[in-house]
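> Quick one: sequence and predicted model below, then my questions.
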Amino acid sequence: MSTLKVDTIQNTSDAHGSTPEQIAKGRAKAHIEMKGTGTVTINSSFNISSIVDNGAGKYEANLSITMSSTTYCVVGGSSQSNDRNDNVMGFHPYTATKIRMYSWQQTGSSTAGEDATFVSAAVFGDLSS
């Protein structure tokens, strides 16, 4: 097996560059932007193999990679197409190969699972070797 050692990886137009360490430690390992109402649909993704609709506001995104542990970071959000801003997004529990996403509506002191028109998430952490 050959090894390529470089200080910086850059695209041909010199517009974007990264060090190997930045790529290994600081770049998203996976991301998804999806439609979460009706028939759930992936609009854009990286390292996501499929999604599952598990009921009102409950989704699973299956990773096409394996994370090194279950202590990675997921960030994301959800919103409705009618510009309501009362949706809350949560992620739990993690496995090394999937993320579970929950969207719910906060109304006063009550909450209820709610499908969101737009759902997005990004995964950060170390990959399994």
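That came through fine.
> now the strands for the protein?
Along the chain, the stretches classed as strands by DSSP state E are 9-10, 17-18, 30-35, 41-46, 48-53, 58-63, 73-79, 87-91, 98-107, 110-113, 118-124.
> show me where pLDDT drops low in the chain?
The chain contains residues with pLDDT under 70 at 15, 82-86.
> mind redoing it with 90?
Counting by pLDDT under 90, the chain shows low-confidence ranges at 1-27, 78-89, 92-94, 104-114, 125-129.
> can I get the strands of the chain in CSV with mean neighbour count and distance to Thr3?
Glycine gets a C-beta too; all of them are placed from N, C-alpha and C. Converted to CSV, the strands of the chain look like this (neighbours: other CB atoms under 10 Å; distance: least, CB to CB, whole Å):
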stretch, mean neighbour count, distance to Thr3
strand 9-10, 12, 14
strand 17-18, 12, 18
strand 30-35, 20, 26
strand 41-46, 13, 25
strand 48-53, 16, 29
strand 58-63, 19, 27
strand 73-79, 17, 29
strand 87-91, 17, 36
strand 98-107, 19, 32
strand 110-113, 11, 49
strand 118-124, 21, 26
